[in-house]
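**Student:** for reference, the sequence and a predicted model appear below.
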Amino acid sequence: MIEAGTEPMPPDWPKAGDEIRAQNFGPFTREALARYAAVSGDDNPLHLEPHAARAAGLAGMPVHGMLIFSCFEPLIMRWRRDLFIARLSGKFLRPVLAGEGIRVSGRVMRRQDGSRPELILRLTARGPKNDLAIVGEATVLYEIPGPLG
Amino acid sequence: MNARGHAQPVGSDFAPESGADTLIRLPPIRVRTGAGEVAGFLRETGGARTGGFVPLTFPVRWLALPAVRGLILQLIGGQGFLPVQEGQSFAYEHELRIETDYVLDIEARRAAKPPRLILRMAVSTGQGEICAHLETVLRIVPLNLEPAS
């Protein structure tokens, strides 16, 4: 990470209104949910057992919200490698069900050209019917990519 | 707790219908960002991280630690309820590095109306430098349990 106040803004630094090209993730199969449960430790039966999902009033097993939310980081880092994600938040609005995929996209809402350039991003993850699954916001700071970054 | 760690009676003192909010802080927990765990998490989340850093959402894994899971189960109220995530935020001062030790400070607040569990986690180095703050908001959903057949 760089120290604040030491780096100029790059010439291609985004401006408000710029779009982050949408990316597709999934479909998230039952097997993918089981694998995510294993690596995240979130083995809530809601995501793994159809009867638990039914008991919670869902038509099918929902994809882990955090699995969907986790797609925001690769979306941002594939867009630009010169960013440090300082803040990322999201509200989980609708479930995406096992077997479905998502489309994740973003837009620059605000740009701040201070001593360390900063962007505010609006992020969305949409289900197969274009319904909003997660709406998120990120604050990203300019950072010179390292040799492996 | 059952084999999966959910929806078993836990003899909770914090029934979901109880009136006042409840706040519990856990003693500090030491964790390590093991390379194998990070690699598995990256694989399942389409991660774009390189250069020795940990995926941004990786710390949610620590919500599955036995002490944290036990607290969640206790505050949810046991059998007949499941947590459904409705929000998440991360605020990073420094990215987390692979194969590094960290200390977690975790508190959980059980709100009665509406029934929510809010978990807050601070991740710091062994020297006490704060790296990240997380907040996880869980809605507590009553299950429509079918009688055993």
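**Tutor:** Nice, thanks for sending it over.
**Student:** which residue does chain A have closest to chain B?
**Tutor:** Closest contact between chain A and chain B, by CB to the nearest CB, is at A:G41 (2.5 Å). Yep, even glycine has a C-beta here, placed from its N, CA and C like the rest.
**Student:** quick check: the gap between that residue and B:F41.
**Tutor:** Going from A:G41 to B:F41 by CB to CB, to the nearest Å gives 10 Å.
**Student:** same deal with B:D105?
**Tutor:** B:D105 is 22 Å from B:F41, where distance means CB to CB.
**Student:** so which of these two has more stuff around it?
**Tutor:** Using other CB atoms under 10 Å in any protein chain shown, the more surrounded residue of B:D105 and B:F41 is B:F41, with 24 against 16.
**Student:** any bit of the strand or helix carrying that one sitting next to chain A?
**Tutor:** In this assignment (DSSP states H and E), B:F41 forms part of helix B:35-44. Yes - against chain A, helix B:35-44 shows contacts by CB under 8 Å from any CB of the partner chain at B:E37, B:G40, B:F41, B:R43, B:E44.
**Student:** among these, the buried ones, what's the PyMOL command?
**Tutor:** The following PyMOL line selects those of these that are buried, judged by 16 or more other CB atoms under 10 Å in any protein chain shown:
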select buried, chain B and resi 37+40+41+44
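**Student:** so for the helix or strand hosting B:R139, what gets flagged as buried?
**Tutor:** Counting by DSSP H and E, the element that carries B:R139 is strand B:130-142. Residues of strand B:130-142 classed as buried: B:C131, B:A132, B:H133, B:L134, B:T136, B:V137, B:L138, B:I140, B:V141 (neighbour count, 16+ other CB under 10 Å).
**Student:** quick one: list the elements packing against that strand.
**Tutor:** helix B:66-76, strand B:81-92, strand B:116-124 (3 or more CB pairs under 8 Å, 6 or more residues apart in numbering or on different chains; DSSP states H and E).
**Student:** common neighbours of A:G41 and B:F41, please.
**Tutor:** Common contacts of A:G41 and B:F41, defined by CB atoms under 8 Å, 6 or more residues apart in numbering or on different chains, comprise B:R61.
**Student:** please report how far whatever residue of chain B ends up closest to chain A lies from B:V103.
**Tutor:** Nearest residue of chain B to chain A: B:A64, at 2.5 Å (CB to the nearest CB). Using CB to CB, B:A64 is found at 17 Å from B:V103.
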